[in-house]
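>>> Okay, here's the prediction I keep looking at, along with the sequence it came from:
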Amino acid sequence: MDISQKDLDDLRRAKYLLENPGFIAKVTAVVGTPIEYGLKKLPADWQDKVMAVTHQSLEKAADGALLTLKDVPDEPASNIWHKLSVAATGAAGGFFGFAALAIELPISTAIMLRSILDIARSEGESISSAETKMECLSVFAFGSTKSNSDDDSDEGYFALRATLAGATREAISALGKSGGDAISKESSSAILKLIAIIAERFGVEVSEKIALQAIPVVGAIAGATINTLFIDHYQDMARGHFIVRRLIRAYGVEYIEQQYAALPSKPAEAPPRSTDDVTPEMA
């Protein structure tokens with residue numbers, strides 16, 4: 001089976017989104033201040049608190065945002081409105097600083113998860129299915145995936161998919177048995193196991209976000225900017241992930257993985273963004 005030119009272009013775009021500069025690189029390019037400056041402004045036990053709040057935020061988002069978005073096919077994702085909502089919570093977080101983390105992060109995470117669900121739906125996923133819900137949650141693990149990196153801590157996209165596969169399957173099976181529209185006692189342990197794996201990676205990105213928000217650049221304005229870039233990053237991860245899933249449904253996983261591997265991670269120019277991926281600043 002030969003892949004069509006349109007689908008190959010979509011796969012090229014997906015790889016560009018999934019395996020190019022991560023959140024920290026995007027933000028420092030805008031803020032222009034090294035993250036180390038922010039790290040010095042945080043309390044001594046900040047990392048433990050960040051990880052605890054990250055776990056709680058993912059759990060609350062899984063229990064709420066996963067279950068409330070309606071399955072409306074053939075509509076574009078509402079990325080701009082989700083960005084505006086997260087920018088508002090970021091402004092509050094930037095104003096109150098680290099003390100606001102336990103309030104701001106769960107709200108931001110829930111909004112981002114709704115945006116990820118919306119993107120999944122726009123790529124042909126049924127958001128009422130247990131599989132789609134768990135795949136949406138897994139997007140938070142895709143903070144930084146690079147197939148050609150000197151940093152061994154970064155995994156290629158398909159390698160990370162393989163790492164998550166076992167826990168994701170267990171969570172999908174458990175949620176499916178509960179009907180897929182509620183997180184029951186029977187499904188919660190499997191979902192919490194998946195969340196623990198995701199939180200380890202998502203917590204790294206959250207730590208970087210908090211460190212950047214601790215830099216006294218423009219106060220609340222900086223918080224709004226950082227949060228907008230934060231959701232933009234995970235919207236990119238979601239778009240890339242669900243493009244790949246759409247193509248796998250059409251061509252099979254082995255064929256798409258081969259085609260994906262053959263594409264350059266850094267093309268000569270960025271593939272065009274779709275209209276629903278445009279940020280408010282670009283519109």
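Now that the structure is in, tell me what you want to look at. Numbering: from 1, shown residues only.
>>> buried set for the longest helix seen in the chain?
For the chain, the longest helix by residue count, based on DSSP state H, is helix 220-251. For helix 220-251, burial by neighbour count (16 or more other Cβ atoms under 10 Å) applies to 222-247, 251. C-beta: built from backbone N, CA, C; applies to glycine.
>>> following it, which helix or strand shows up next?
helix 253-262 (DSSP states H and E).
>>> Any buried residues in that following helix, and which?
Ile256, Gln259, Tyr260.
>>> And the contacts of that helix?
1, 3, 8, 11, 14-15, 147, 157-158, 244, 247-248, 251 (Cβ atoms under 8 Å, 6 or more residues apart in numbering).
>>> isn't Ile231 right up against Ile116?
No. In this structure, Ile231 is not within contact of Ile116 by Cβ atoms under 8 Å, at 9.4 Å.
>>> Got the confidence number for Ile248?
As predicted, Ile248 sits at a pLDDT of 97.
>>> One more: the one 5 residues further on?
Val253 is assigned a predicted lDDT (pLDDT) of 95.
>>> That one and Arg245, how far apart?
10 Å (Cβ to Cβ, to the nearest Å).
>>> Would you map the helices across the stretch 51-200 of the chain?
79-96, 101-122, 130-138, 157-177, 185-213 (DSSP state H, counting those that start in this stretch).
>>> what about those helices, which gets the closest to Ala61?
helix 101-122 (4.4 Å; Cβ to Cβ).
>>> Buried residues in that closest one, which are they?
101, 104-122.
>>> Can you spell out which helices and strands pack onto it?
Applying 3 or more Cβ pairs under 8 Å, 6 or more residues apart in numbering; DSSP states H and E, we find helix 101-122 packed against helix 46-64, helix 79-96, helix 130-138, helix 220-251.
>>> The first one to helix 157-177, inter-axis angle?
In terms of direction (axes from the mean of the first three to the mean of the last three Cα atoms, to 10 degrees), helix 46-64 departs from helix 157-177 by 50 degrees.
>>> Now do the buried residues in helix 46-64.
So, applying 16+ other Cβ under 10 Å, buried residues of helix 46-64: 46, 50-51, 53-62.
>>> So for the residues you listed, which is the shakiest by pLDDT?
Ranking those by pLDDT puts Trp46 at the bottom, with 74.
>>> And it, how far from Gly176?
Note on Trp46: its distance to Gly176, by Cβ to Cβ, is 38 Å.
>>> How about Ala52?
29 Å.
>>> in stretch 196-203, what counts as buried?
So, applying 16+ other Cβ under 10 Å, buried residues of stretch 196-203: Ile197, Ile198, Ala199, Arg201, Phe202, Gly203.
>>> nearest to Ile191, of those residues?
Ile198 (10.2 Å).
>>> didn't that closest one look like it was pressed against Leu137?
Yes. Using Cβ under 8 Å, Ile198 is in contact with Leu137, at 6.5 Å.
>>> so what sits against both of the two?
Joint contacts of Ile198 and Leu137 (Cβ under 8 Å, 6+ apart) are Leu58.
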